[in-house]
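Peer 1: Mind looking at a prediction? Sequence and model below.
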Amino acid sequence: MCVAHRLCPGTVQYPAPPTKTNRSSLATRRSDRHADGFTPLHRACWGGEERHTETVRVLLESGVSPYEKSADGQKRPLEMARRRETRELLQEKMDEMGAKEEV
């Protein structure tokens, strides 16, 4: 979308996608919880499409922990992941951090 269209009245304005220069702003919001107690990472893991897996990738690259539990302490992102690719991505990150768990 061009700058002119982003500023047109009535258009939806989305935040800029994360880059190396603005990832810190994403990192400060990465653990915002919805009213149901789940974080953006949990919600992205629920998604069953490739775009959800890509969102998980961006969140993990920005420093989100794959171990973050829901507010009630019951669910981790790996337990909520619908797509095999998302589970594998989470498992790879956990392995990098030294954890061993089956996908």
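Peer 2: Alright, I've got the coordinates. Numbering: from 1, shown residues only.
Peer 1: those helices in the protein, which residues are they?
Peer 2: Under the criterion DSSP state H, the chain contains helices at 3-6, 23-29, 40-46, 50-61, 77-80, 84-96.
Peer 1: List the buried residues in the last one.
Peer 2: Which is helix 84-96. For helix 84-96, a neighbour-count test (16 or more other C-beta atoms under 10 Å) marks 86-87, 89-91, 93-94 as buried. (Each C-beta comes from the backbone N, C-alpha and C, glycine too.)
Peer 1: Low-confidence ranges, this structure, go.
Peer 2: 1-31, 99-103 (pLDDT under 70).
Peer 1: ok, now with 50
Peer 2: Of all residues in the chain, those with pLDDT under 50 make up the ranges 1-9, 11-15, 24, 27-28, 30, 102-103.
Peer 1: Check whether residue 43 really touches residue 34, as I assumed.
Peer 2: Yes - using C-beta atoms under 8 Å, residue 43 is in contact with residue 34, at 7.0 Å.
Peer 1: who has more neighbours, these two?
Peer 2: Between residue 43 and residue 34, counted using other C-beta atoms under 10 Å, residue 43 has the larger neighbour count: 16 against 12.
Peer 1: Residue 71: what's it in contact with?
Peer 2: With C-beta atoms under 8 Å, 6 or more residues apart in numbering as the criterion, the residues that contact residue 71 are 33, 37-38.
Peer 1: please redo it, this time with the cut-off set to 6 Å
Peer 2: Contact analysis of residue 71 by C-beta atoms under 6 Å, 6 or more residues apart in numbering lists 33, 37.
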